[in-house]
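Visitor: the following comprises the amino acid sequence and a computationally predicted model.
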Amino acid sequence: MNRFSTDRLTAEKLCEDHLADLVALHLDAQVSRYLGGVRSAEVTKTYLATNMAHWDRHGFGLFVLHKDGCFAGRAGIRHILVDGVDEIEIAYAFKREFWGRGLASEIATALTEIGLSQLALPSLIGLVFVGHGASRRVLEKSSYILEKSTTHHGEAVVIYRIRR
């Protein structure tokens, strides 16, 4: 699946053409505060290559998101190592001007459906910084259940899970 749409968003498989938009997104300190911090253009270039390789290896991964033809953010389903366990997470990040409009809930619902129904994955997680209340509410509205607290890359996080 290279693309899909929700009521208000279009999602397109991540590719090299998306580097400039991702760099701008990752350089925004407000956006990146819950993504592990601001990422330089070089780090984002490596991030892009890693996530494109994820697509090649697993057949799913990150998408760029557009609303009304404008870059809005990125989201997807990807493998992540948490506490030594290979998990599959949904992930999403939006440009600030798209916050507070319910778009994260919309994409979380779509990604959950894709992961559990179309990809037939046994479960999905959401990994969220403890203090990121908005993202926690998104997962709770999407029927994810709080599973545990842990640390990830030195940060206090919580893991939410939904099962097929």
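Guide: Noted; the coordinates are in hand. Numbering: from 1, shown residues only.

Visitor: how far does stretch 61-71 sit from the chain's center?
Guide: The chain centroid and the centroid of stretch 61-71 are separated by 12 Å under CA atoms, centre = their mean, to the nearest Å.

Visitor: cool, and stretch 56-74?
Guide: 9 Å.

Visitor: which other residues reach it?
Guide: Applying CB atoms under 8 Å, 6 or more residues apart in numbering, the contact partners of stretch 56-74 are 1, 3-4, 8-14, 18, 21-22, 25, 51-52, 54-55, 75-79, 91-95, 98, 103, 107, 114-115, 119. C-beta here means a position set from N, CA and C on the backbone, and glycine is covered the same way.

Visitor: how far does that stretch stretch from one end to the other?
Guide: 18 Å (CA to CA, to the nearest Å).

Visitor: show me what the residue nearest the centre of the chain is bridged to.
Guide: Centroid-nearest residue in the chain, with CA atoms, centre = their mean: Ala91, separated by 1.6 Å. Ala91 forms beta bridges with Gly76, as assigned by DSSP bridges.

Visitor: with Leu146 instead?
Guide: Tyr160.

Visitor: so who does it touch?
Guide: Applying CB under 8 Å, 6+ apart, we find Leu146 in contact with 140, 158-160.

Visitor: strands along the protein, start to end?
Guide: 3-5, 10-13, 62-67, 70-82, 85-94, 123-129, 145-152, 155-163 (DSSP state E).

Visitor: how about the ones you listed, which one is nearest Arg39?
Guide: Arg39 lies closest, by CB to CB, to one member of those: strand 85-94, at 11.0 Å.

Visitor: list the buried residues of that closest one.
Guide: 87-94 (16 or more other CB atoms under 10 Å).

Visitor: CA atoms only: put the lowest-mean-pLDDT helix or strand in the chain into PDB for me.
Guide: The helix or strand of the chain with the poorest confidence is helix 29-32; it has a mean of 86 (mean pLDDT, DSSP states H and E). Written as PDB, here are the backbone C-alpha positions of helix 29-32 (Å, rounded to 0.1, in the frame of the first residue of the first chain):
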ATOM      1  CA  ALA A  29      11.500  22.700  18.500                       C
ATOM      2  CA  GLN A  30       7.800  22.500  19.500                       C
ATOM      3  CA  VAL A  31       7.100  19.600  17.200                       C
ATOM      4  CA  SER A  32      10.300  17.800  18.100                       C
END
